[in-house]
Structures are given as structure tokens and as C-alpha cells.
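1. build me a model from this:
(one chain, ligands or ions: 1)
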Amino acid sequence: MARRQFPADFLWGVAAASYQVEGAAREDGRGESIWDTFSRKPGAVLHGHTGDVSVDQYHRYEEDAGLMKDLGVGSYRFSLAWPRLQPTGSGSFNSRGFDYYKRLCDSLHQRGISAAATLYHWDLPQPLEDAGGWPHRDTACRFAEYAEACFTELGNHVDLWITLNEPWCSAVLGYHEGVHAPGRRDLSAAWAASHHLLLGHGLALQAYREQGGRSEQPIGITLNIDTPRPATQDSRDVLAADRAMDLRTRMYFDPLFGKGYPERHFEAYPGETRPEVRAGDLEIIAGKIDFLGLNYYFEPVMAFDPDHPEGFRVAPDYHETTAMGWPVTPRGLYRQLTWVARETRGQCPLYITENGCAMEDSLSDDGLRCRDPRRIQYLRDHFSAALDAIEEGVDLRGYFVWSLIDNFEWALGYTKRFGIIYADYINQRRVPKDSFYYLREVISQSEDF
Ligand code: FCB
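-> Next up, the predicted model:
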């Protein structure tokens with residue numbers, strides 16, 4: 001049988017995000033973000049962990065770029081910390097912040113690694129939250145202004161732009177469920193936040209296109225859509241799985257692709273206030289993106305629930321689970337990729353901008369190895385599912401593994417390890433896990449699928 005291989009120009013990468021890896025929280029003029037505040041709220045983050053130091057990539061980016069070179073990846077997906085670049089979220093910019101990202105990009109480029117920068121991976125400047133945060137329309141305008149400055153300053157350094165990472169998390173986890181910064185619990189506020197996040201994305205896109213010459217690099221957005229499967233083929237379960245897609249998938253996917261918001265979702269909560277969508281907003285949001293980024297971790301399973309306003313509940317799943325308690329569902333990745341390709345009629349190139357898993361990793365007694373066979377299996381099965389989709393014609397251009405290195409996993413602090421490099425948080429030593437060597441073989445095409 002012929003060996004199955006990824007296309008020769010397939011882009012392999014690893015991903016991380018500013019607040020999760022940089023540390024240096026008070027250096028070189030960085031302002032405060034909502035995560036600095038939230039992580040100090042008693043009980044908000046497990047063990048009171050914060051991103052103050054993390055794996056100190058702000059000082060150790062050269063070492064990390066060297067590890068990426070050894071891994072053989074073509075790209076590093078990182079995020080720009082808005083409060084480093086514009087400490088109060090409006091007004092003056094901080095050149096020392098831009099210098100840091102220029103140094104980071106240079107050190108990647110020297111090693112033949114491209115720079116994929118996310119403009120917003122959840123670290124909103126605190127003063128903007130004090131003024132109302134994402135539920136406040138002005139935040140979208142502030143974001144566009146910040147994005148424009150990034151395009152101008154870093155246009156010659158960044159090779160691929162991502163406006164937002166997972167706006168669902170910013171809106172719903174941050175403003176409705178209250179488990180992420182800023183920790184509010186108000187569904188109407190989350191809806192308003194969703195709309196303003198998307199508006200900010202659209203305005204940033206406009207600013208990018210208007211720049212002309214400097215905007216030749218691809219620009220897109222990263223979503224964590226859910227494409228759940230029904231618990232059974234009973235029509236009520238099938239409908240439940242479909243309705244479960246409104247809040248997490250259609251609220252983002254549909255407006256981005258010119259289909260407006262899923263009215264059915266708003267109608268299910270008559271006591272709440274719909275987001276204020278002004279004339280022209282939806283056109284701005286539906287501006288053409290060059291690609292869609294997908295962060296995929298698992299496929300949930302949904303069943304009918306007559307007591308839920310939208311008629312669904314998460315049903316039991318039989319798959320093994322990761323350290324996050326998330327089921328391992330590689331076929332779900334195949335189903336999601338083919339769903340997106342169908343919905344976009346194959347017209348939108350795709351990247352997997354995050355995929356990976358947290359496992360119970362530990363160092364060997366001599367401290368030199370970290371054996372993580374379950375992560376290798378997880379990655380192999382997901383790579384294989386992605387390859388199935390590519391072979392069926394899905395326009396998947398690249399794959400970023402989450403994460404380069406263990407890091408601050410938001411409300412779970414440092415208790416969950418997603419890295420393919422083990423971080424020793426005591427002495428900042430980095431130890432490539434076995435999955436690092438596995439990925440290296442995949443990238444160099446010496447692995448079979
Ligand atoms: C995603 C986030 C990323 C990381 C992974 C595990 O939702 O984008 O920062 O925390 O989950």
C-alpha cells in the first residue's frame with residue numbers, strides 16, 4: 001500500500017499565547033490585562049497561579065526558537081500582548097513592546113521559521129474592561145486601532161495574521177460563565193461581547209486591506225467551533241445536536257460567512273437583551289478572510305433535554321479522556337473539517353491553529369526524558385483524521401500543535417500540561433517530551449499514517 005503523506009507544502013507549526021508563556025508581566029512598560037486582575041481574585045485560578053513568570057519566554061525566546069528549529073516546524077503561532085503594545089488599551093503605544101516582538105520574529109526568521117501572530121488571545125488591557133469591556137461597543141474600535149498599529153509596526157515581520165483567538169471563549173467563558181477573565185455572569189453581556197469581538201475583527205480586517213502594499217500576508221480568524229454528534233439517530237437528539245451549535249458555532253461562523261446571527265438562539269432566551277447590531281455591522285464582519293483557523297480538541301455528544309431552553313444537554317461519552325476530562329475523538333476532527341468545507345463550499349482555506357492534549361506527564365528519574373505515549377497516540381490519530389479530510393479534497397493548509405511548551409492553562413493554572421516540551425517551573429529547564437521527537441519525524445515525513 002502507498003504511504004500516506006501530507007502535501008509537500010503543508011505548514012507544520014506549534015502554538016502558544018502571550019499570557020500563557022511570556023511572563024515578564026511588569027517589564028518594559030507592559031500594562032495590566034484582565035488576566036492579571038482575574039488571576040489575583042481569590043478562587044478564580046487554581047492554587048492562585050498567575051502568568052507573572054510562567055515559562056519566561058519573554059527572556060528565553062532564543063532558546064525556544066532553537067528548540068523549534070530542532071523540531072523542524074515551519075511556523076510558530078504566538079500572540080501579541082495588547083497591554084505590552086498599548087498599555088492602557090487606548091492612546092499611546094509602547095515601542096519597547098513592539099521591539100520585543102520584532103526580536104522574536106527575527107529570531108524565528110533566522111532559523112527559517114515563519115511568524116504567525118494572533119492579535120488577541122484574551123489579554124484585554126484592564127482599563128478597557130473598566131470602561132465596559134467587550135460588551136461595550138467602543139472596545140471594537142479600540143481593537144481596530146490597536147490592530148492597525150500592529151500592522152504598521154510589525155507588517156514586515158509577521159507572515160500570517162490571526163485577528164482573534166476563540167471569540168466564544170472571550171465572550172461566553174468571560175462574560176456569561178464567569179470562569180475566565182473578567183469573570184462576569186450575564187448572558188446578554190456575553191452576546192454583546194460576541195458582537196463587538198466580531199465587529200473588532202471586521203474593522204481590523206478593513207484597516208488591513210486599506211493599507212495596500214504592506215498587507216500581502218494572509219489574514220484570518222481562529223474559532224473553536226463545536227460540531228457535536230447526536231447521542232442517537234432519534235430525530236430529537238439530532239435536533240439537539242444541531243441546536244447546540246447555535247451558541248458556540250453559528251454565533252460566529254454564520255456572521256463571518258455573511259449569514260447573520262442564528263435568530264433561533266436569541267429567541268430561546270426571551271428575558272435577555274439581543275446585541276445591538278447597527279446598520280453596516282454585518283457587512284463589516286463578513287469581510288473576506290484569507291483563511292479560517294480551527295482549534296479542535298474534542299467532539300461533544302448531545303442529547304435531547306426538554307428542560308433546557310434550547311433543548312439539549314451533553315450526553316455521556318464512551319471515549320477515553322485526557323487530563324482535562326475531554327474525550328479523545330479524532331474522527332470528530334475529520335467530521336468538523338468536512339463540515340466546514342461543505343459550509344464554505346470549499347472556498348475558504350483552513351488551518352488547524354490548535355490541536356493537542358493535556359496528559360499526566362512527569363520527568364524520568366534522571367530528569368532527561370518525558371515519556372508521553374498517550375499524547376503521541378492522540379496526535380497520530382488526529383493527524384491521520386486530518387489527512388483523511390485532505391484526501392477528500394478539504395483545503396487544509398497547515399497544522400499547529402498546542403502547545404510548544406507546558407504553560408499557564410487559564411483557570412487551571414499550571415496544573416495541566418499541554419506541551420510537547422516539558423517545563424520545569426522551578427528552574428525553567430525545558431525537556432522535549434517523546435511527542436516532540438514523534439512530531440519531528442512526522443514533519444520530516446519519516447512517519448507513516
Ligand atoms: C484553547 C485556548 C488555548 C489553550 C487550549 C488548551 O481554548 O485557545 O489558549 O488554553 O485551549
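2. hmm, residue 100 is touching residue 78, no?
-> No - contact between residue 100 and residue 78 fails when scored by CB atoms under 8 Å: they sit 10.8 Å apart. Glycine gets a C-beta too; all of them are placed from N, C-alpha and C.
3. higher neighbour count, these two?
-> Between residue 100 and residue 78, residue 78 has the larger neighbour count (other CB atoms under 10 Å), namely 28 against 23.
4. at the contact with the ligand, which residues of the stretch 301-449 of the chain appear?
-> 354, 402, 409, 410, 418 (CB under 6 Å from any ligand atom).
5. give me every residue that touches the second one.
-> Right, the one you point to is residue 402. Going by CB atoms under 8 Å, 6 or more residues apart in numbering, residue 402 touches 14, 15, 16, 295, 354, 355, 356, 418.
6. and what of the first one?
-> By CB under 8 Å, 6+ apart, the contact set of residue 354 is 15, 77, 222, 224, 295, 296, 297, 400, 401, 402, 403.
7. swap the cut-off to 7 Å and go again
-> 15, 295, 400, 402 (CB atoms under 7 Å, 6 or more residues apart in numbering).
8. what are the buried residues along stretch 204-224?
-> Applying a neighbour-count criterion of 16 or more other CB atoms under 10 Å, one finds 204-205, 207-208, 215, 217-224 buried in stretch 204-224.
9. also stretch 93-106?
-> Neighbour counts over stretch 93-106 (16+ other CB under 10 Å) mark 93, 94, 97, 98, 100, 101, 102, 104, 105 as buried.
10. stretch 33-48 - what's its average pLDDT?
-> Across stretch 33-48, the average pLDDT comes to 98.
11. can I get the CA coordinates of it in CSV?
-> Extracted in CSV, the C-alpha atoms of stretch 33-48 (Å, rounded to 0.1, in the frame of the first residue of the first chain):
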residue,chain,number,x,y,z
SER,A,33,-4.5,42.9,31.5
ILE,A,34,-7.8,41.4,32.6
TRP,A,35,-5.9,38.2,33.3
ASP,A,36,-3.5,39.9,35.7
THR,A,37,-6.6,41.1,37.6
PHE,A,38,-8.6,37.9,37.3
SER,A,39,-5.7,35.6,38.4
ARG,A,40,-5.4,37.7,41.6
LYS,A,41,-9.1,37.2,42.5
PRO,A,42,-9.3,34.7,45.3
GLY,A,43,-10.6,31.4,44.0
ALA,A,44,-10.6,32.4,40.3
VAL,A,45,-7.5,30.4,39.2
LEU,A,46,-6.5,27.1,40.7
HIS,A,47,-3.9,27.4,43.5
GLY,A,48,-3.8,31.2,42.9
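12. distance from that stretch to the middle of the chain?
-> Computed by CA atoms, centre = their mean, to the nearest Å, the chain-centroid distance of stretch 33-48 equals 20 Å.
13. tell me if it is near the ligand.
-> No - Stretch 33-48 stays clear of the ligand (CB under 6 Å from any ligand atom), getting no nearer than 11.1 Å.
14. residue ranges with poor pLDDT in the chain?
-> The chain contains residues with pLDDT under 70 at 1-2, 212-215.
15. list the contacts for the residue nearest the centre of it?
-> Among the residues of the chain, the one closest to the centroid is residue 165, at 4.2 Å (CA atoms, centre = their mean). Neighbouring residues of residue 165 by CB under 7 Å, 6+ apart: 17, 79, 118, 120, 121, 122, 222.
16. max pairwise distance over those residues: which two?
-> 122 and 222 (11.7 Å; CB to CB).
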